[in-house]
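Undergrad: Turn this into a structure:
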Amino acid sequence: MGSNASSQHRVLIVDDDRVSRKLAATALSKGGFKVFEVGDGQASIDLFKRQVIDIILMDFMMPGMNGLEACAALRQLPNAEHTPIVMMTGLHDTQSINQAYAAGAIDFITKPINFSVLPHRIEFIFRAQQSINLAKDNERRLAMVQKVSRIGHLEVHARTHHIHVSEGIRNIFGLTGNSPEYLSDFLDHIHPDDTDDTLRKIDDALTNNLKLSLEHRIILHNGDERIIYEESEPSSTDDRLFIAQDITERRQAERDIVQLAYYDKLTGLPNRSYIKKHLGYVLELSKRYNRIGGVLSVDLDLFQRINDNFGHTVGDQLITETAVRLSKCMRQSDCITRAVCADGTQDTNDRQGDTIAHLGGDEFVIILGEIDRPEDAAIVARRITQTLSQPFLIEGSEIHITVSIGIGLFPENGDETSLLLKNVASAMHHAKSIGRNNFQFHSEQRNQETLEKLEMENDLRRAIERHELALHYQPKVSTLTGKILGMEALLRWNHPTKGLISPFKFIPLAEECGLIISIGTWVIEEACRQTKAWQREGLPKLRVAVNLSAKQFNDEHITQNITDILQRTQLSYQYLELEITEGILMDNCDHSNAILLHLKRMGLHIALDDFGTGYSSLNYLKQFPIDTLKIDRSFVIDVTTDPDSAAIGIAIVLLSKSLHLTVVAEGVETEAQLNFFRQHQADQIQGYFFSKPMPADEFKQWVLNHTGYSSEFINLYSDI
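TA: Reported below is the predicted structural model:
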C-alpha cells in the first residue's frame, strides 16, 4: 500500500495493552496512516474532542470505561456520528458481537490480530464507510430536494398491492403513525369525485404493466384539499415505482395567471381575450351539433355623465353592481361559464352555459351558447332592460341607468368570431341611434318577427286568467241515422284587440314557449266541466273529444292530471275521448303503448286523429288500444273528385271495420261527401255540412234542436 494513498487517514487506537497498541500503531504507520494512541475509553473521548479522527480501533475490554461504554459515549459527540468504530476483541460469543454493534461499532477484529493485513483491513473499512456516508449524504440531499419540491415515491407490489412509502409521500399525504401496508390504505385519501377514474387508471397500469400519468386531488386528515401528479413507468418485476408530486401551488399559480389573462379585475367576469377564445369554441360546437345561439352586446347609456357627475369611484361601483344584476338575468337553467382551463386552453365540455364578459368601460357581452328559438335571446334582453332600469343606490346616491342591447344570432348573423361581434356591435349602435333603452336584432326583419312573437307570447300567458280562451264544440253525427253521438272541443282565442286568432297560429307558439301543458290541462277540464253541466241540464249524454299535444301525451303526470280533472268535474271516464296523432304514438312505440293501456284501463276512449297522413302502419293499429280512426280532412275534400282519395277513404273504412274500430270522416262539407261515406258505411260524420264549431251556448241550442233524427238527414234520405 503506497504511503500517499492513506496519508490523510487519521486512526485512533484505544487499547490498555501497550504492546498490542504499539504493534498496531507500527503496522498502520507503515501503511501510510497517521496514528494516535490512548490507553482507555475516557482518553479516547478527550482526544476526539481535540483532534479530527477518521477511524477508531477500540479494544473491547479495558479498565474504567470499557470499549462498549466508550463507543456509546463517542456516538453522542457531534462529529462522531458517522466516524467508523471497529472493536478489537478476544471474545467470540454472539452476545458480545451484538453488544458491539448496538453500542455503535460498524465492524470488529478478533485478537490475536494479524498486523500484516491490518492496514488493508482498515483501508477497506474506511472506504466502505465513505461510500455509506456518501450514500447517506445523497439520501439526505434527495430527501431535502423532495421535501422542497413536494415529491415522494412509493413502491407497489403489482400482485399483492403491498406498498412501501417514502418520507416524501408521508409528508405529502400527511401520514402519521405506522406506514400504510396496502395500496388501498394509500388510495383512501383520494378526493371522492376523482376516486373512480384514478382507481381505474392505477389498476389498469398495474394489471397490464402500462405507463401511468395522471392528476387527481387528495383530502388530508385535516380536511385540506391538495392536487397530486403521479407518474410510473412499466416494470420488469412485480415491484412498481410510483412518483408523486404535490402540484397544488403550481396549479394555483397557473390559475392566477389565467385569472390575470382572461378575467376582468374590476368585476371578476371574463374579459375581451376570454370572450374571443370562448366564442370561437362555442361557434365550433354550434356547427358540430347544428345548434343556434345568441350574442348580446350590452352598453350602458350615457355612462360618461355618471363618471363626470359622481366620479370614477362611483362609476366603478356601478359597473360592478351592473355585473351582479346581469348575472341574475341569465336563464335559470344555465350558468355563467368560465371554460378556460388553468393552462389557458379551452375545456372540452360540449354543453356550454350562458357566458357574461366585461369588455371594459361600460360594455358587456353575453353569449347564449344554445337557444331553442330567436325569441329566447329577446327574452333575456328584455329581462336585462327591466332589471337595470331599477335604481342603484351607491354611496347614498340613487342612480338611474338604461341600456342599449344589440342581438346577433349564430350562425344566422355570422359563424366566425370577429364577424359576429362586429354585427352585434352594429345592432347595439342601432339601438342607441333610435333612442336608447331598447334592444335590436342585427336583422330588421328578425326584429319585427321577434317583437310580434314576443307580444303574442305575453298575451297568451295572460289569456287564461283574462278568460280570453274558450272552447267551441263541433258535433259528430251518425251516418246511418243523422243522430248526434258526440262532439269535439276545439280551442279558440278571442284576443281583445286582434279578435279571433287561429289555433294554427297560437298553438305552435304555446308549444314553443312551454304553455301547451297548462293550456291543454285547461282545455280538458273546461270540456269535462261543460259536458257534465249539460248532462245535469238533461241534454243527451254525449262523449266529448279533446286533442292531446305531444308534450301533453308524454308528460309524466298525464294520467294523474286526467284522473284529478274527472274527479273534480264528476264526469264519468266513458264520456271523455282523447285524440292523438300518429306521429305522437310512433315517436316511442313502447312508451306510447304503455300510456294508452293505462288510459284505456281508466275507461277513456282513444281516437287516432288525422289518420292517413302519417305512418299508417297496420302493425301499430293492431298493437295500440285504439277505439276510433278519424279520416283526415285532406282525403275527405277530394273523395268525390279524386279516385286516389276515394280509394284511400274506402280502404280506411274497410280497415276500420276489419279491426272493429269506429271510423269518423272529418271535414265533411258537401252532400256528395256525406253520400259517399254513408254509402261506404263510415260510422260518423263531422264537418261544416252539419255544423261549424260553436260556442257552448250555441252548441247547447243546436243539440236541443237535433235531439231526434237530423232534419238534414231526413230530407236527404226521405226515400228510404
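Undergrad: my guess is residue 359 contacts residue 272, does it?
TA: Yes: under the criterion of Cβ atoms under 8 Å, residue 359 makes contact with residue 272 at 4.7 Å. From N, CA and C alone the C-beta is placed, and that goes for glycine too.
Undergrad: Could you check how many residues crowd around residue 705?
TA: 10 (other Cβ atoms under 10 Å).
Undergrad: Have a look at residue 359 and residue 272 and say which one is more surrounded.
TA: residue 359 (20 against 16).
Undergrad: can you tell me how far the more buried one sits from residue 161?
TA: To residue 161, residue 359 is 54 Å away according to Cβ to Cβ, to the nearest Å.
Undergrad: ditto for residue 611
TA: Distance from residue 611 to residue 161, by Cβ to Cβ: 66 Å.
Undergrad: Between those two, point out the one with more neighbours.
TA: residue 611 (27 against 16).
Undergrad: who's that one bridged to?
TA: With DSSP bridges as the criterion, residue 611 is bridged to residue 631.
Undergrad: Please list the residues outside stretch 231-249 that contact it.
TA: By Cβ atoms under 8 Å, 6 or more residues apart in numbering, the residues outside stretch 231-249 that reach it are 149-159, 168-169, 172, 205-206, 209-213, 215, 226-230.
Undergrad: Report the separation between residue 700 and residue 471.
TA: Taking Cβ to Cβ, one finds residue 700 at 12 Å from residue 471.
Undergrad: same check, this time on residue 600
TA: Taking Cβ to Cβ, one finds residue 600 at 24 Å from residue 471.
Undergrad: So which of those two has more stuff around it?
TA: Shown here are residue 600 and residue 471; by other Cβ under 10 Å, residue 471 has more neighbours (22 against 16).
Undergrad: Secondary structure element holding that one?
TA: strand 469-478 (DSSP states H and E).
Undergrad: What angle do strand 469-478 and the following helix or strand past that strand make with each other?
TA: Counting by DSSP H and E, the element after strand 469-478 in chain order, helix or strand, is strand 484-495. Orientation check (axes from the mean of the first three to the mean of the last three Cα atoms, to 10 degrees): strand 484-495 against strand 469-478 gives 160 degrees.
Undergrad: Note down every partner strand of strand 484-495 and its orientation.
TA: strand 469-478 (antiparallel), strand 499-501 (antiparallel), strand 543-547 (parallel).
Undergrad: Mean confidence (pLDDT) on the last one, please.
TA: This predicted structure assigns strand 543-547 an average pLDDT of 96.
Undergrad: Show me the contact partners of that strand.
TA: Strand 543-547 has contacts (Cβ under 8 Å, 6+ apart) with 473, 476, 485-489, 523-524, 527-528, 530-531, 574-580, 605, 607, 609.
Undergrad: right, and the helix or strand after it?
TA: Next element after strand 543-547 (DSSP H and E): helix 550-553.
Undergrad: Run through the neighbouring helices and strands of that next one.
TA: Judged by 3 or more Cβ pairs under 8 Å, 6 or more residues apart in numbering; DSSP states H and E, the packing partners of helix 550-553 are helix 516-536, helix 582-587.
Undergrad: Residue 152 bridge partners, please.
TA: residue 244.
Undergrad: Tell me who's in contact with it.
TA: Contacts of residue 152 by Cβ under 8 Å, 6+ apart are 146, 165-172, 243-245.
Undergrad: repeat that for 6 Å
TA: With contacts defined as Cβ atoms under 6 Å, 6 or more residues apart in numbering, residue 152 is in contact with 146, 166, 168-169, 172, 244.
Undergrad: So which of the residues you listed sits lowest on pLDDT?
TA: Among these, residue 146 has the lowest pLDDT, at 55.
Undergrad: show me where the stretch 551-700 of the chain has strands.
TA: 576-581, 605-611, 628-631, 662-666, 684-686, 694-695 (DSSP state E, counting those that start in this stretch).
Undergrad: Now those in JSON lines, please, with extra columns for mean pLDDT and distance to residue 196.
TA: Shown next, in JSON lines, are the strands of the stretch 551-700 of the chain (pLDDT from 0 to 100; distance: least, Cβ to Cβ, whole Å):
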{"stretch": "strand 576-581", "mean pLDDT": "94", "distance to residue 196": "43"}
{"stretch": "strand 605-611", "mean pLDDT": "88", "distance to residue 196": "46"}
{"stretch": "strand 628-631", "mean pLDDT": "91", "distance to residue 196": "53"}
{"stretch": "strand 662-666", "mean pLDDT": "94", "distance to residue 196": "56"}
{"stretch": "strand 684-686", "mean pLDDT": "94", "distance to residue 196": "60"}
{"stretch": "strand 694-695", "mean pLDDT": "94", "distance to residue 196": "63"}
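Undergrad: would you list the ones you listed in a markdown table and tack on distance to residue 595?
TA: Shown next, in a markdown table, are the strands of the stretch 551-700 of the chain (distance: least, Cβ to Cβ, whole Å):
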| stretch | distance to residue 595 |
| --- | --- |
| strand 576-581 | 9 |
| strand 605-611 | 10 |
| strand 628-631 | 17 |
| strand 662-666 | 21 |
| strand 684-686 | 25 |
| strand 694-695 | 31 |
